[in-house]
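**Q** Could you look at this predicted model? Sequence included:
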Amino acid sequence: MPLRLVAPEWSLLVPPLIVLGTIVLLLAIDAVSERAARQTALPLALVGQLLALASLATIDWGEGTTTFGVSYRADWFALVVSLIALVAGILSVLVSAGYTESGLEPGVGLAEYLALLLFSVLGTMVVGAAGDFIVLLLGLEMSAVAVYALTAFARRRLTSVEGALKYFLLGAFASAILIYGMAWVYGLTGSIVLSDIAHTLRTVVTPGQPLDPALLLALLLLAVGLGFKIAAVPFHMWTPDAYQGAPTPVSAYMSVVPKVAGFAAVARVLVQGLQPLSEQWAGLLGILALITMVYGNVVAIAQRDLKRMLGYSAIGHTGYMLAGLAAFTTGLAGDRSVGSVLFYLFAYAFMNIGAFGVIAWLQERGLGTTLDDVAGLAGRAPLAALTMAIFMLSLMGMPPLLGFYAKYYVILALIEAGQLWLAVAIVVMSAVSAFFYLRVVTQMYFQEPGGTWRPVRTPLLGLGLAVMAVATLALGLVSGPILELAQRWPAALT
Amino acid sequence: MSELSATHFLLLSAALFIIGMVGVLTRRNVLVIFMCIELMLNAVNVSLIGFAWELHQLTGQVFALFVIAIAAAEAVVGLGIVMALTRRADTVDIDELRQLRE
Amino acid sequence: MSLQVLIFSLLACVSILGALGVVIARNPVHSAIGLVLSFLNVAAIYLIARAEFLAVVQVIVYAGAVIVLVVFVTMLVHPDDLPEFHGRRPLRVATGLVLGVALLLEVAAAILTRSLYGAPGPWTDQTIAAVGGNTRALGQTLYSDYMLAIQLTALLLLAATIGAIVLARPEAVSERVAAARRTLTISLAHPRGLDQPELPPALPLPPDGQVKPAGGGRPIVLARSASEFTEQPAWGEWRTP
Amino acid sequence: MERTVDWLVVIPLAPLLAAVINFLFGKWWIRHRAHWLAVPAVGLSFLTSIVAAWAVLGSDELLRQPLYTWIRAGEFHVPVELVADELTAVMLLVVTGVSFLVHVYSIGYMHHDPGYYRFFAWLPLFVFSMVMLVLASNFLVLFVFWEAVGLCSYLLIGFWFRRRSAAEAAKKAFVVNRIGDFGFALGIMLLFTSLGTLDYHAVFEAVPQLSSGTVTAIALLLFTGAIGKSAQLPLFVWLPDAMEGPTPVSALIHAATMVTAGIFMVARAHPIFLASPIALWVVAAIGALTAFVAATIATTQFDIKRVVAYSTVSQLGYMALALGVGAWIPAIFHLFTHAFFKALLFLGSGAVMHAMHDELDMRRMGGLKRWMPLTYWTFVIGAAANAGIVPLAGFWSKDEILVGAWVGGAPLLALVGLVAAFFTALYMFRAVFLTFHGQPRFDPHELHPHDPPATMAVPLVILAIGAALTGFLGVPPEAGWIHHALEPVFEGATHHEVTLGLTLGMAAASTLVALAGLWTAHAAYVRGTISPAAVAERLGPLYRLAANGWYFDFVYQRYVVRPLDAAATWLWRTVDVGIIDGAVNGSARIVALTAQLWRRLQTGLVANYALAIALGTVLLVGAYLAFGSTLFR
Amino acid sequence: MERLPILSLITYSPLVGAVVLFLWGNASTRAVRWIALIASGVSFALSVAMLLAFDPSQAGMQFTETFEWLPELGIAYRLGVDGISAPLVGLTTLLTLIAVIASWDPIRHRVREYYITLLLLATGMLGVFVSLDLFLFYVFWEIVLIPMALIIGVWGSANRVYAAVKFFLYTLAGSLLMLVGIVALYQEYFQQTGIRTLDVLELAQGNYSPTFQFWTFLAFFLAFAIKVPMWPFHTWLPDAHVEAPTAGSVILAGVLLKMGGYGFLRFNLPLFPEATQRWAPAIVVLSVIAILYGALMALVQRDFKKLVAYSSVSHMGFVTLGIFALNQQGLSGAMVVMLSHGFVTSALFLLVGVLYERAHTRELAAFGGLARNMPIFAAFFGFFALASLGLPGLSGFVGEFLALLGGFQSYRWAGVLGTAVVILAAWYMLRVYQRVALVRAPGEPPDPDDPELRMAITEGVPPVAGGGDADQHTPDPRTFPDVTWREALTLAPLALLTLWVGVYPLPVLDVIELSLRAILAAVTGERM
């Protein structure tokens, strides 16, 4: 067998390459002049991601073309994941604006921060486009490793390091389990290419029959490893600690993009690769979904720290999204499961990054991150309070906010799949979640302000929050095209 | 079992993996936990090599190669975090890191 | 039982012993030695499986680079004051063991009942030899089928490196703070909440005697002149206009 | 035969307009000129009523004026339509006539009251409601104004709203009436459900289709309404308290408007009652009992207005008795005559109060004859008429009722009526003697009683004439003018042959009884040969029973009102706040507690976190291997 | 003919006002109020025009507007009104206008935010009544929650946060299940016909299995029953009312509760005819309990607003009784009760507000004898108290009688028990009227001509203080000024409507009749 060095289809790689270019540029500028980097890094990261976003339009995703052999798949699914990752990345950069501007970490470069953030975005995009286990794994790790570092970014603060350490140790542990699962799949099917795996399995699995234990073991090891990435109970425990410990913009980021990567990986691995085992994993995800949403939403009630509360709430949302995946039925056109999850992630990016963004905004003004700190915010900063209220209500699932649409599509998917019990669980848990989301609104609107308040100007952060608030408010109304895009996944994953 | 087969590799791999896992579960020293994770990754590699040998493929070996790379990357970041940690708190005992809880 | 199996078993046993040593040894340096032992034996096993390149990589990268790094860090962080000397967690050990045994049984069950679904590949000993050995075959495969993965690995390592640099580099005061320190008075937002107990005693004070920032969302507050500063309490929320 | 006319509406409209205008503009613009509008309006109403009566009575035709459709929901169709037949015509005459006199009287009586305009808003409103009630062409409209009458009574009884007693009495009147209305409303619903219509004519046509059970139920439910409104046992308790209103109001309520509504309604619905012997029997029995009970109570009262009030209850009992025994025309006849003498008695006692500076207790009166001859004589005429002394109005109508009861198959009830007649005479003349005879039991130097001014005196005189003479409308018995007039209405009713002997015998008996009552009263309160105190002493519990109104109020208060209040409070505190709301808050608390419990799982220890992952893995793998794999199959 | 999208205009003109207020950050308080007034006034005027143009001889939807929204999911922007919703739209715009005027003086802080919230609320409520798409309906349904909770929580009185949160969570919990019901219905219809739609009218054509109907009915029912609120889901109501500011109570009682009744009529009955018939007896039982229970609760309340709130529970019991009597009289009655309750109870809350403005307490014990120094107040109060107790000639009677008649026809016992409430209603309403308006102020001695005084002098019976034992710190009710012209302006239209519907309800009945008949036909399976 001779060496085959085939030139890849570069045109398919334009978006990740733009991101990569941005990273390189950031690092280069930083190497030349730290001062210049500080001034140009933010706009650069923004422009880079925006360009990448725009370049998504240049590719004909409908073909489902692969490059680098079958390693890289430019299909609808990859498009949507890239889209969400880039949008979330842009929003995170906006949220980061205030934080770094304020000089919290004066000794640490902004450029590295943004470079790591972009690495993570890049990794997520790679996961979305992965055609085999290795690429998928590398993408996941790239996404994760960057976030480990980002979590510890406020390294002067012990909690930040503590959160990062916990995240890292458990993440590595889970990675080992995940890779073990992949090894098993490889060993049983003889391939690491997702489509080949599905093909092989289809020939050996009869629906309704018990499975070979090894196959089940492989499946479960994968599920555990991926369950960690998306923070499903009982693999979730790093989440609240890491969210609380990380610098707030990083919390904002890590609540969304790694989760996108995780769900993309779940979709690639389970939905695409192990589709013949859907009977088994759909049931498993259903159970995990239930436990996850119950645990996350209930424990969030007991929290007083907003970031921690949002951490638990993120677990709850993982539960909803898992429920969406559990609604998988046929993988044919009309199956809404993965599409609903993709849309959920899209919506989640706006509202959750927004919520963390408001917390960052408050920290800029000298407040802490507890419930007491937002008391009376509506009197002090009505717009900020309104923005936060929008995010909270959207997370709660109040129409006509974006979060409602997301939840609606998941419920729709579930009911179409006949999983009524999960749909009911979602709405019951939504009611429970109203407890703690509403408490934030209550604090802001119904209480008198306390604490000190330092008026500062954070225009970029404000802009970001405004964008997210408006999007949360209005995107649902015109969610048709996005949803339509998200619903094209069967063409990619089947 | 008389001939060497992938099963041997797999059993070794399982043993190493689980020893590593038990180590992660029981040790308090961050660095030892870290080593245990490396042990687990290494165990996975044993599986991969065993499978590859059985299947007459190189894919498993390639995979193992990348796993090593991943392990290295994790090691780099992990040790960076440990460095940052020891600067903040003079300990590598994870049981002492309990500020974030409940 | 063939010789192959015998050798394998021997290596495997030593490897497992090494692994056990990692888990059991109280001194992390001993653990590291156990780890190296285990890795080296595994490398030997790779040779049995005709993965020569992997075996080399195992020795160089793992047993060499990574472990050295680990030991290095271990030494760096006061190896004589290790937490595990101060207390045991018998319940934790017991649970860990129970879980380990349980998982081992489960995995063993899977191993022993597994069947093969995948088609065998072309790389028998003969074909490998035909292309010039394992390393060459591997290299060709790598650079034809796993090009993207290699590129990504590079990026991954780059990202990890940047992360590590950021985290591990000394806490030099930034240019801005240094400049400020030269000419201005520095005041800090008052730490509160979680941050308060965290001011580590080990933290060296800056030379001019001011309190160092403790992080946690408390920005350094710069005042352009002394008068501007003295009007404010320590947590007076001042920023440069 | 019926004739559609467009002037019938004047009868209700005139007082309505007066009421509305006085209400809206009274306080600031009209004030003490309120009667300028109200009195002519009611007068106009009266005149129109005369025209209507003229057109109806004896002509065998009825007047009809459709106004508009009120409610239409599916087959439920309620038009508002004025219909005047003979019964209505007689009622109209009574209502508007007496009301007119009361209005005139009020000009003088209420002259100094700050709420003058208000009084002259509510009074015409009362007239309007009553007139509409009698003009209604179906049960629902009847019910509407039935309630409206209740409202007016509320407004007027509570006219002096700053008095607690007045406010309480007004509320009581309304609520007790509502109890009756509850039955009435159910009766209407049952009617509609059974027959699909509420129009009088259609209902009466269809009555034979109904099963006897249904018709009895309907009749009894309707009569429940009458019990409330016409103050029968056991719901009469509101009427004596209604004295808290200004005296003209009492006159209006007792004589012309409110209480007669029940009698009118039963008479109006007589085809239904006729179809149910049980219902008739109940009506008669309750009537007789009411007559008796109220008469005994009246004998023991010292408040002059209360005496008169209980006498009203008693007389209403007679009317109900008459209705129950099928003596429809005598019932209406008694209603007619009663209107005159009762209005007279109330206005007379009003004059006394006026003179005595609002003193009501007869024990502080006496000898007023000297200063108030006109009042005295008119009052005596009223009292005698009420007591059934020949040949005053009350005699003729009451006698006919007793005869009717005797031949209507209820001789026992007739006897009860006779006994009640004795008490009637007794309490009436007791009142006369205590008030006007003997020595003054007040200080004549402080109080200077005098006859009322002309606006009050003239109505007294007119009413006295009426009380004296209206009885002759029913002479000869069974064949008087009123009988002929009302004959067409009660065509379907059975006629009992009444012999002349019976008539004369009953007349003699009732006269004797009345005279005996008169004699007793004279003996006790003028001559002093009987000591009332000794009698009261001797009768002991019986006396206390009567003096306390047979403990009706007491029982209601103790066994209905207070338990209900207590039950409601218990429901509120225990069920509503405790159980229902407790469940709501409790579930929230449970969730919060669960949250507190579960958060403990998050120990902050990495080892535990890893343990969770490992445990999850082991459990999931174990479960799936055990149940989903080929391992154990 | 291209018609004016009048329903959209009605619905969104308050929203436009809210947006203007939102953008105009430094508007003066005066300007804020006027903008709110204009926005709600425009909405009201348009709705009046709509009502005038409404053709009562048609049973179907009128003024419909449709355009595709999310066609893939069968979601479209569909608006339309029929005889059921048109009067409710009118009621909503009227009460919004009244609420704006009623808040003119009492709301003094965060005025701009207040009016924004109020106008948003108006848009939400109107949307609920005009939307014909289940998705759109649900969106509006939930939108209503937030501003209402804010109004209670920000501008309410002492215990407002608890009340607001309770209101929010309670109603949210109910409506979320409805969401599942909506989706399930959509899916069921899709499986039957292959059409993806959330059009209410189209979904009503579906033929669903009894089991499916049974559960889906329940999901919808819960949402509406909590909103109505039916016993035993009512406990949020007294809290919410007591804590809400006056205008909030007006909207809450006047419109929000109607959304539940409307939901029953629009969704439960036509969509699930069989389940309706199966559930009806149980619901009738709950209705009768609510009627009597609410009245009994009202009897013993010490807080004026709580009393009116519980009376609302009682009155809304008539609505559900009438609806689930499943006959024309009952349905018409339920509709009329809804409207009437909108006028009367809103007015009662306004009256409570008038008192609260002056006394800063709602304890009944603090009042007494107000008829003397506040005659206009007393007149209005008396009028509405009478209307509330169901006096014929006022709007309450027409509806209640029809509803009870309907109940009586279908369930004799229900009619009997339900009718019994007329006694209790009279009792509690007159009791509170006496307590507040009649007799004397607390501690005030009797008048010179009062027999009570004479008894006090001659027999040594001390006169009972006017209003009972009042708190020492409350101001003397004798000093209260009478209603201002602005307060009167809010009350007078309601009084006129109450009178009008009471005396001449035919126009209203005609408007609702055909639509109700169509619903009834759908339920009973008869042809129209």
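**A** Yes, it's here. Since this is a predicted model, take the numbers as computed values, not measurements.
**Q** how about E:Asp133, phi and psi?
**A** Reported as degrees, to the nearest 10, the phi and psi values for E:Asp133 are phi -110, psi 130.
**Q** what sits against it?
**A** For E:Asp133, the contacting residues are E:69, E:75-78, E:198-200, by C-beta atoms under 8 Å, 6 or more residues apart in numbering or on different chains. C-beta here means a position set from N, CA and C on the backbone, and glycine is covered the same way.
**Q** Also D:Trp377?
**A** D:Ala464.
**Q** give me the element it is part of.
**A** Per DSSP states H and E: D:Trp377 is located in helix D:373-387.
**Q** before we move on, the earlier item: take the contacts of E:Asp133 and keep only those in helices.
**A** Among the contacts of E:Asp133, the members falling in helices are E:Val200 (criterion: DSSP state H).
**Q** can you narrow the contacts of E:Asp133 to ones near chain A?
**A** E:Trp69 (C-beta under 8 Å from any C-beta of the partner chain).
**Q** can you list the contacts of E:Asp133 in CSV and add pLDDT?
**A** As requested, the contacts of E:Asp133 are exported to CSV (pLDDT from 0 to 100):
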residue, pLDDT
E:Trp69, 85
E:Ile75, 89
E:Ala76, 90
E:Tyr77, 91
E:Arg78, 91
E:Leu198, 90
E:Asp199, 91
E:Val200, 89
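**Q** show me the contacts for residue 6.
**A** Just so you know, I chose chain A. A:Val6 neighbours (C-beta under 8 Å, 6+ apart): A:69, C:144, C:147.
**Q** wait, I meant chain B there
**A** Counting by C-beta under 8 Å, 6+ apart, B:Ala6 makes contact with A:187, B:50-51, B:53-54.
**Q** all helices for the stretch 1-150 of chain E, in order.
**A** Taking DSSP state H, counting those that start in this stretch to define them, one finds helices in the stretch 1-150 of chain E at E:6-23, E:29-53, E:85-102, E:111-130, E:134-155.
**Q** closest one to D:Thr197 among those?
**A** Nearest to D:Thr197 among the helices of the stretch 1-150 of chain E is helix E:85-102; the distance by C-beta to C-beta comes to 27.6 Å.
**Q** Nearest to D:Arg558, out of the contacts of A:Val6: which one, please.
**A** A:Gly69 (97.0 Å).
**Q** my guess is that closest one meets C:Thr141, correct?
**A** No. Using C-beta atoms under 8 Å, A:Gly69 is not in contact with C:Thr141, being 10.8 Å away.
**Q** Name the helix or strand for the closest residue to chain A within chain B, please.
**A** Proximity of chain B to chain A (C-beta to the nearest C-beta) peaks at B:Phe51, 3.4 Å away. B:Phe51 is part of helix B:30-55 when elements are defined by DSSP H and E.
**Q** Mind listing what's buried along that helix?
**A** By 16 or more other C-beta atoms under 10 Å in any protein chain shown, the buried positions in helix B:30-55 come out as B:30-55.
**Q** repeat for stretch A:304-320
**A** A:305-320.
**Q** that older thread, identify the farthest-apart pair in the contacts of B:Ala6.
**A** Distance extremes for the contacts of B:Ala6: the farthest pair is A:Gly187 and B:Trp53 at 10.4 Å, using C-beta to C-beta.
**Q** What about the residue lying closest to E:Arg358 once chain neighbours are set aside, how many residues nearby?
**A** Distances taken as C-beta to C-beta, 6 or more residues apart in numbering or on different chains put E:Phe480 closest to E:Arg358, at 4.4 Å, once the chain neighbours are dropped. Neighbourhood size, E:Phe480 [other C-beta atoms under 10 Å in any protein chain shown]: 19.
**Q** A:Gly208 too?
**A** A:Gly208 has 6 nearby residues by other C-beta under 10 Å.
**Q** How about D:Thr260: what's its closest non-neighbour residue?
**A** Using C-beta to C-beta, 6+ apart, the nearest residue to D:Thr260 is D:Leu335, at 5.2 Å.
**Q** And the helix or strand where that neighbour lies, how far out from the chain middle?
**A** Using DSSP H and E, D:Leu335 sits within helix D:328-355. Offset of helix D:328-355 from its chain centre (C-alpha atoms, centre = their mean, to the nearest Å): 15 Å.
**Q** Can you check what angle separates that helix from helix D:373-387?
**A** Angle, helix D:328-355 to helix D:373-387, by axes from the mean of the first three to the mean of the last three C-alpha atoms, to 10 degrees: 150 degrees.
**Q** Ramachandran coordinates for the residue nearest to E:Arg358?
**A** For E:Phe480, the backbone dihedrals are phi -70, psi 130 (criterion: degrees, to the nearest 10).
**Q** Test my guess that it contacts E:His360.
**A** No. Using C-beta under 8 Å, E:Phe480 is not in contact with E:His360, being 11.3 Å away.
**Q** ok, longest strand in chain D?
**A** Criterion DSSP state E: the longest strand present in chain D is strand D:62-73.
**Q** Spell out whether that one and chain E are in contact.
**A** Yes. Contact of strand D:62-73 with chain E (C-beta under 8 Å from any C-beta) involves D:68-73.
**Q** Let me know the distance separating the residue lying closest to D:Gly225 once chain neighbours are set aside from D:Val266.
**A** Leaving aside its sequence neighbours, D:Gly225 sits nearest to D:Phe184 (C-beta to C-beta, 6+ apart; 2.8 Å). Note on D:Phe184: its distance to D:Val266, by C-beta to C-beta, to the nearest Å, is 11 Å.
**Q** So for these two, which residues contact both of them?
**A** D:222, D:226.
**Q** List the contacts of stretch A:7-22.
**A** In contact with stretch A:7-22 (C-beta under 8 Å, 6+ apart) are residues A:44-45, A:47-49, A:51-53, A:55-56, A:58-59, A:65, A:67-68, A:72, A:74, A:82, A:86, A:118, A:121-122, A:125-126, A:129, C:147-148, C:155.
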